[in-house]
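Novice: Fold the following, please.
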Amino acid sequence: MIVQYCKAKNSWYVSWSAACTLCLLSLLLLVFSETAYAAGLPKLPTTSSAQEESVTKDKKAVSAGPVDEFDRGVPRSSIKGFLASVEKGDYKSAVEYMDMRYLPSDLREDSSRLARMLKIVFDRVFWLDIDLVSDKPKGHLNDGQPSYRDILGQIKADDKTIDILMQRVPRSDGVAIWKISNKTVSHIPLLYQHHGFSPLEEYLEGSFPDIQFLGWQAWQWASFVMLIFLAYLVAWIPTTIASHLFKKRKTLFGNELAKYFCGPLRLCIWVILMHGILRILTPSVSLRGITNASTLMYIIVIWTIIRSVDLGGLSASYILKKKDRNAALILLKPTKTALKTIIILIGFLLWLENIGIHVGTLMASLGIGGLAIALASQDMLKNLLGSIMILIDKPYEIGQRIVAKGHDGMVEEIGLRSTRIRLFSGHQVIIPNDDMARADIENIGRRPHIRRCFDLSIALDTPASKIEQAINIIKDCLDNHECMSTDYPPRVYFDKMNRDSINIRVTLWYQSTEFWAFQAFNEKLNLMIISEFEAEGVKLALPSFNTYGKTETLDKQNLDPVPPAQQVET
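Specialist: Just a heads-up that it's a prediction; the model follows:
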């Protein structure tokens with residue numbers, strides 16, 4: 001569907017529709033992103049499998065803590081109460097979950113503001129898995145903390161690492177309850193200084209209603225919507241200008257470039273600007289589940305690269321057609337498909353690594369299956385490599401006559417697996433490209449001319465004057481013959497004397513590769529020579545042999561001599 005949007009007309013509707021589609025895809029993947037991102041955020045230290053099993057059992061059991069008005073009998077219920085209070089904006093009640101003992105008077109007097117500041121810090125940088133918080137009155141006893149403290153996680157501020165602690169403290173009636181430790185409360189101003197709102201953000205917060213969604217307040221959403229609109233304008237202006245310039249060319253490649261600038265490139269620039277805006281506004285933990293996984297970014301970037309491959313393929317096809325390399329065009333489409341597959345695979349693996357899935361382990365588990373596939377496709381890969389070598393080295397091309405592995409014919413097709421040759425008998429020969437890449441190829445189609453070398457034999461008893469006359473007749477017939485080149489003049493010589501004839505060797509070069517035109521020339525030449533020989537009384541030699549007998553033979557019965565055998569000539 002996204003590709004169809006890219007191929008549609010250039011309009012705001014197309015771009016916004018494509019953006020909304022991509023956002024919906026990102027939200028569908030949010031469940032994976034948030035879970036993975038949680039692994040990298042400050043949270044409760046990892047517990048053993050036995051401890052997790054104990055936590056699960058405790059979750060099902062009824063809380064064993066003391067009865068408390070604010071349900072602070074165990075660490076889990078206490079922190080849940082604090083989060084619920086600040087979520088509702090009831091910071092006065094949230095103070096009941098914070099240990100304010102032994103703190104300076106200025107902090108105690110501003111306790112509600114401290115609760116609000118801690119809530120903002122939690123929203124921005126702290127992820128808490130509530131199921132791992134202890135549900136026992138004594139808390140976790142083996143977390144490396146004193147028996148009266150439980151650690152929920154850590155937050156960095158400058159070079160310091162602040163522990164987020166729950167502490168068991170006595171209530172006014174002496175009953176032990178759990179609150180956020182005063183040690184953590186004392187560091188809230190420092191945490192807010194590094195992770196809280198700036199003065200401008202404080203001002204904007206006071207100008208908007210106190211409404212919150214996904215950890216962001218109303219002013220943050222309003223700022224985000226306004227800034228992404230401005231970011232779209234920033235992306236729209238240059239891409240629209242470039243698109244207009246390319247459309248003026250009125251070529252297929254120019255139109256494709258215009259679509260590229262108005263489609264994937266525009267959205268890619270927009271998404272990059274959106275990520276920068278999110279960094280400025282400091283997204284909440286929930287929103288970071290989307291942005292830090294970069295799901296939308298990966299989709300847009302992969303789409304942009306794939307469209308770039310399409311444009312590169314289109315440009316390459318133009319270049320190959322101009323150079324008349326039609327055979328190379330055969331590999332262009334599968335090469336583009338292979339590149340796209342590799343790009344998608346690499347992008348998917350990087351996305352999996354980004355959301356916390358260890359790709360190395362996954363690849364190791366697929367190693368045996370990959371080895372089996374590689375062995376099974378060994379011959380296919382050999383032929384594919386052979387095809388590439390043939391198209392790079394170009395020992396032959398489609399339409400040329402070649403002799404390969406004893407087969408003489410015309411090349412009909414160079415495929416990814418094999419080469420098809422049409423023999424002059426009409427039969428088709430299919431030879432794997434791996435064999436063709438290693439075979440000795442005689443490329444008759446690339447010869448610059450056709451050379452003919454033949455012998456003419458005249459009678460053995462032909463006088464010398466007639467022999468010379470025969471040579472001149474042949475030279476006259478070949479003088480300035482059809483398709484003759486001055487660089488390759490014909491050659492006629494009294495070559496040798498055979499047992500029964502006199503041999504004249506004739507060599508000529510026909511400066512054309514048209515075989516049937518050459519055959520017509522041969523016929524004309526042969527008839528001309530025979531006609532001239534007949535007119536001048538030059539006789540061609542016929543094959544002959546001599547038979548000899550004994551001079552005298554006696555009949556053993558009649559004792560009469562047998563006449564000598566006669567010489568026979570044929």
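
Novice: Quick check: pLDDT value at residue 230.
Specialist: Looking at residue 230, its pLDDT reads 90.

Novice: which other helices and strands contact the helix or strand harbouring it?
Specialist: Secondary structure from DSSP states H and E places residue 230 in helix 218-247. Helices and strands touching helix 218-247, by 3 or more Cβ pairs under 8 Å, 6 or more residues apart in numbering; DSSP states H and E, are helix 199-207, helix 252-260, helix 266-281. Every C-beta, even on glycine, is put in place using the N, C-alpha and C of the backbone.

Novice: ok, now with 10 Å
Specialist: With contacts taken as 3 or more Cβ pairs under 10 Å, 6 or more residues apart in numbering; DSSP states H and E, helix 218-247 sits against helix 12-28, helix 199-207, strand 212-213, strand 216-217, helix 252-260, helix 266-281.

Novice: Listing request: residues of the chain with sub-threshold pLDDT.
Specialist: For the chain, applying pLDDT under 70 flags the ranges 1-64, 205-207, 210, 212, 214-215, 281-294, 326-328, 330, 361-377, 544-570.

Novice: Break it into its domains for me.
Specialist: Split into domains by automatic domain parsing, the chain comes to 2-26+216-365, 41-196, 388-446, 450-536.

Novice: number of nearby residues for the closest residue to residue 476 other than its chain neighbours?
Specialist: Among residues not flanking residue 476 along the chain, residue 532 sits closest, at 7.6 Å (Cβ to Cβ, 6 or more residues apart in numbering). For residue 532, the neighbour count with other Cβ atoms under 10 Å is 17.

Novice: Helix, strand or coil: sort out residue 532 for me.
Specialist: Assigned with DSSP: H, G, I helix; E, B strand; the rest coil, residue 532 falls in the helix class.

Novice: Name all residues that make contact with it.
Specialist: Counting by Cβ atoms under 10 Å, 6 or more residues apart in numbering, residue 532 makes contact with 469, 470, 472, 473, 474, 476, 477, 538.

Novice: where exactly do the strands run in the stretch 301-450 of the chain?
Specialist: Along the stretch 301-450 of the chain, the segments classed as strands by DSSP state E, counting those that start in this stretch run 401-404, 407-414, 418-423, 428-432, 441-443, 450-459.

Novice: Same list, the ones you listed, but as a markdown table with mean neighbour count and distance to residue 485 please.
Specialist: As requested, the strands of the stretch 301-450 of the chain are exported to a markdown table (neighbours: other Cβ atoms under 10 Å; distance: least, Cβ to Cβ, whole Å):
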| stretch | mean neighbour count | distance to residue 485 |
| --- | --- | --- |
| strand 401-404 | 20 | 21 |
| strand 407-414 | 17 | 26 |
| strand 418-423 | 19 | 30 |
| strand 428-432 | 14 | 34 |
| strand 441-443 | 16 | 21 |
| strand 450-459 | 15 | 12 |
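
Novice: Can you lay out those as TSV showing distance to residue 320?
Specialist: TSV is the format used below for the strands of the stretch 301-450 of the chain (distance: least, Cβ to Cβ, whole Å):
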stretch	distance to residue 320
strand 401-404	21
strand 407-414	13
strand 418-423	19
strand 428-432	24
strand 441-443	20
strand 450-459	30
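
Novice: Which stretch among those approaches residue 308 most closely?
Specialist: Nearest to residue 308 among the strands of the stretch 301-450 of the chain is strand 407-414; the distance by Cβ to Cβ comes to 27.6 Å.

Novice: re earlier: out of the domains of the chain, the one nearest residue 542 is which?
Specialist: With Cβ to Cβ as the criterion, residue 542 lies closest to domain 450-536 of these, at 8.1 Å.

Novice: if I look at residue 403, how far off is residue 440?
Specialist: Distance of residue 403 to residue 440, given as Cβ to Cβ, to the nearest Å: 9 Å.

Novice: can you check residue 325 too?
Specialist: According to Cβ to Cβ, residue 325 and residue 440 sit 23 Å apart.

Novice: and if you look at residue 491?
Specialist: To residue 440, residue 491 is 29 Å away according to Cβ to Cβ.

Novice: Counting neighbours, go ahead and name the busier of those two.
Specialist: More neighbours surround residue 491 than the other of residue 491 and residue 440, with 13 against 8 (other Cβ under 10 Å).

Novice: was I right about the more buried one contacting residue 454?
Specialist: No: proximity of residue 491 to residue 454 does not meet the contact threshold set by Cβ atoms under 10 Å, at 11.7 Å.

Novice: Now the common contact residues for the two.
Specialist: Residues touching both residue 491 and residue 454 by Cβ under 10 Å, 6+ apart: 505, 506, 507, 508.

Novice: Run through the neighbouring helices and strands of the strand or helix carrying the second one.
Specialist: Just to be clear, that refers to residue 506. For residue 506, the host element (DSSP H and E) is strand 501-510. Applying 3+ Cβ pairs under 10 Å, 6+ apart, one finds that strand 501-510 contacts strand 450-459, helix 464-478, strand 491-497, helix 515-536.

Novice: Next, the angle strand 450-459 makes with the shortest one.
Specialist: Spelled out, it's strand 491-497. 40 degrees (axes from the mean of the first three to the mean of the last three Cα atoms, to 10 degrees).

Novice: Strand 491-497 vs strand 501-510, what angle?
Specialist: Here strand 491-497 runs at an angle of 160 degrees relative to strand 501-510 (the same axes, to 10 degrees).

Novice: what does the longest one give?
Specialist: Relative orientation of helix 515-536 and strand 501-510, computed by the same axes, to 10 degrees: 140 degrees.

Novice: Same check on the first one?
Specialist: For strand 450-459 against strand 501-510, the angle by the same axes, to 10 degrees is 160 degrees.

Novice: Now do strand 450-459 against helix 464-478, angle only.
Specialist: Between strand 450-459 and helix 464-478, the angle comes out at 160 degrees (the same axes, to 10 degrees).

Novice: again with the shortest one
Specialist: On the basis of the same axes, to 10 degrees, strand 491-497 is oriented at 150 degrees to helix 464-478.

Novice: quick one: contacts of strand 491-497?
Specialist: The contact list for strand 491-497 (Cβ under 10 Å, 6+ apart) reads 453, 455-458, 460, 464, 467-468, 470-478, 502-509.

Novice: Are any of these buried, and if so which?
Specialist: 456-458, 467, 470-471, 473-474, 477-478, 502, 504, 506, 508-509 (16 or more other Cβ atoms under 10 Å).

Novice: Specify which member of the residues you listed is nearest to residue 346.
Specialist: Nearest member of the buried ones among the contacts of strand 491-497 to residue 346, counting by Cβ to Cβ, is residue 509, at 57.1 Å.

Novice: can I assume the closest one is in contact with residue 482?
Specialist: No: counting by Cβ under 10 Å, residue 509 stays clear of residue 482, with 11.5 Å between them.

Novice: For stretch 306-325, output the C-alpha coordinates as CSV.
Specialist: Coordinates of each C-alpha in stretch 306-325 appear next as CSV, following Å, rounded to 0.1, in the frame of the first residue of the first chain:
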residue,chain,number,x,y,z
ILE,A,306,14.7,0.6,-1.8
ARG,A,307,13.3,3.4,-4.0
SER,A,308,16.9,4.6,-4.5
VAL,A,309,17.8,1.1,-5.8
ASP,A,310,14.9,1.3,-8.2
LEU,A,311,16.1,4.7,-9.5
GLY,A,312,19.7,3.3,-9.8
GLY,A,313,18.3,0.3,-11.8
LEU,A,314,16.4,2.6,-14.1
SER,A,315,19.5,4.7,-14.7
ALA,A,316,21.6,1.6,-15.3
SER,A,317,19.1,0.2,-17.8
TYR,A,318,19.4,3.4,-19.9
ILE,A,319,23.2,3.2,-19.8
LEU,A,320,23.2,-0.5,-20.8
LYS,A,321,20.8,0.1,-23.7
LYS,A,322,22.9,3.0,-25.0
LYS,A,323,26.0,0.7,-25.0
ASP,A,324,23.9,-2.1,-26.6
ARG,A,325,24.6,-4.5,-23.7
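
Novice: Report the buried residues of that stretch.
Specialist: So, applying 16+ other Cβ under 10 Å, buried residues of stretch 306-325: 306, 307, 309, 310, 313, 317, 320.

Novice: Apart from its neighbours in sequence, what residue is nearest the fourth one?
Specialist: In other words, residue 310. The shortest distance from residue 310 to any non-neighbouring residue, by Cβ to Cβ, 6+ apart, is to residue 336 (7.0 Å).
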